[in-house]
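Participant: Next comes the sequence, and after it the predicted model I'd like to discuss.
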Amino acid sequence: MKIAANAATLLLAMVFLAQPALAEGDAEAGKELGYTCLGCHGIEGYRNAYPSYRVPKLGGQKAGYLVIALKGYRSGERSHPTMQAQATSMSDQEIEDVAAYLASLGGETVASGGEKAPPFEPATACAACHGQNGISVNAQWPTLAGQYESYLERSLRQYRDGSRANAIMGAQAAIIAEEDIPRLASYFASLEGLETTKVD
C-alpha cells in the first residue's frame with residue numbers, strides 16, 4: 001500500500017512538470033461550432049450503437065481536458081469514427097473555442113466539488129488527479145463525478161488495452177484489479193457533477 005502511494009505521488013509530480021500551455025478558448029465563438037456536438041452529447045442517456053455505452057456528458061467538463069480529448073481524436077490517439085471526423089475538420093483555435101463553450105454549460109456543482117473521501121482504495125488513488133469527490137483538480141484532467149458508468153468503464157478498459165493512448169492512465173489502469181473497474185465506474189457515476197449539455 002505504501003509503495004502504491006509513493007508511486008502515485010511520483011506520477012503526480014511528473015504530470016505537474018509536464019503540463020503543456022493551452023491557448024484561451026472563446027465560448028461565444030465555440031457556441032456555433034459546438035452546436036453539432038449536442039446532437040449526441042445533448043441527449044440525456046444517448047447511447048453509442050456499437051459497442052453500446054452511453055455517450056459522455058460534457059456539461060461542466062474541464063475545457064483543458066476537452067481540448068486534449070479532441071486533439072487526441074484528431075491525431076488518432078483516440079479511436080471513434082464520428083469523433084475523429086469531427087475533430088479532423090477543426091483548427092486548434094476552433095477546438096479551444098468548442099471546449100470553452102462546452103465547459104461553460106455545467107452548473108456550480110461541477111465547478112466547486114466536495115470534500116467527501118472516496119470509500120475504497122482504488123478510488124482514493126484516482127482522487128490524486130480527479131479530486132476527492134470526482135471533481136478534477138487540474139484543468140487538463142477530466143472530472144469524473146456524474147459521468148455515465150458505462151462510459152467510465154469503457155474508458156478504463158481502453159486505457160488498459162492500449163486502444164486509448166495515454167501513458168499515465170495506461171499505467172494506472174493496468175494496476176486496477178478487474179473487479180474494481182465496475183466498482184470505480186459505479187462510484188464516480190453516483191457523484192453529483194457532470195451534466196448532459198443543454199441547448200440554450
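Facilitator: Yep, that arrived.
Participant: can you give me the strands in the chain?
Facilitator: Listed in chain order, the strands found in the chain under DSSP state E are 47-48, 53-54.
Participant: any chance of the ones you listed in JSON lines, plus distance to V67 and mean neighbour count?
Facilitator: Using the backbone N, CA and C atoms, a C-beta is placed for each residue, glycine as well. Compiled in JSON lines, the strands of the chain are given as follows (distance: least, Cβ to Cβ, whole Å; neighbours: other Cβ atoms under 10 Å):
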{"stretch": "strand 47-48", "distance to V67": "22", "mean neighbour count": "16"}
{"stretch": "strand 53-54", "distance to V67": "22", "mean neighbour count": "18"}
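Participant: Y53 touches Y148, doesn't it?
Facilitator: Yes: Y53 is within contact range of Y148, at 7.4 Å (criterion: Cβ atoms under 8 Å).
Participant: Leaving out sequence neighbours, find the closest residue to the residue positioned nearest the centre of the chain.
Facilitator: Among the residues of the chain, P142 comes closest to the average C-alpha position under Cα atoms, centre = their mean, at 3.5 Å. Sequence neighbours aside, Y65 is the residue nearest to P142 in space, at 4.5 Å (criterion: Cβ to Cβ, 6 or more residues apart in numbering).
Participant: contacting residues for that neighbour?
Facilitator: The contact partners of Y65, by Cβ atoms under 8 Å, 6 or more residues apart in numbering, come to 136, 139-143.
Participant: What does the pLDDT read for it?
Facilitator: For Y65, the model assigns a pLDDT of 96.
Participant: Check the gap between it and A111 for me.
Facilitator: Going from Y65 to A111 by Cβ to Cβ, to the nearest Å gives 14 Å.
Participant: ditto for Q84
Facilitator: 30 Å.
Participant: Next: E192.
Facilitator: 12 Å.
Participant: ok, the two, which is more surrounded?
Facilitator: E192 (15 against 12; other Cβ atoms under 10 Å).
Participant: So for that one, what's the nearest residue that isn't a sequence neighbour?
Facilitator: T109 (5.0 Å).
Participant: measure that neighbour to D97 for me?
Facilitator: 24 Å.
Participant: Compare the two and say which is more crowded by neighbours.
Facilitator: Per other Cβ under 10 Å, whichever of T109 and D97 has more neighbours is D97, with 26 against 19.
Participant: For the more buried one, which non-adjacent residue is spatially closest?
Facilitator: G30 (3.3 Å).
Participant: Can you find the helix or strand in the chain with the smallest mean pLDDT?
Facilitator: helix 2-17 (a mean of 44; mean pLDDT, DSSP states H and E).
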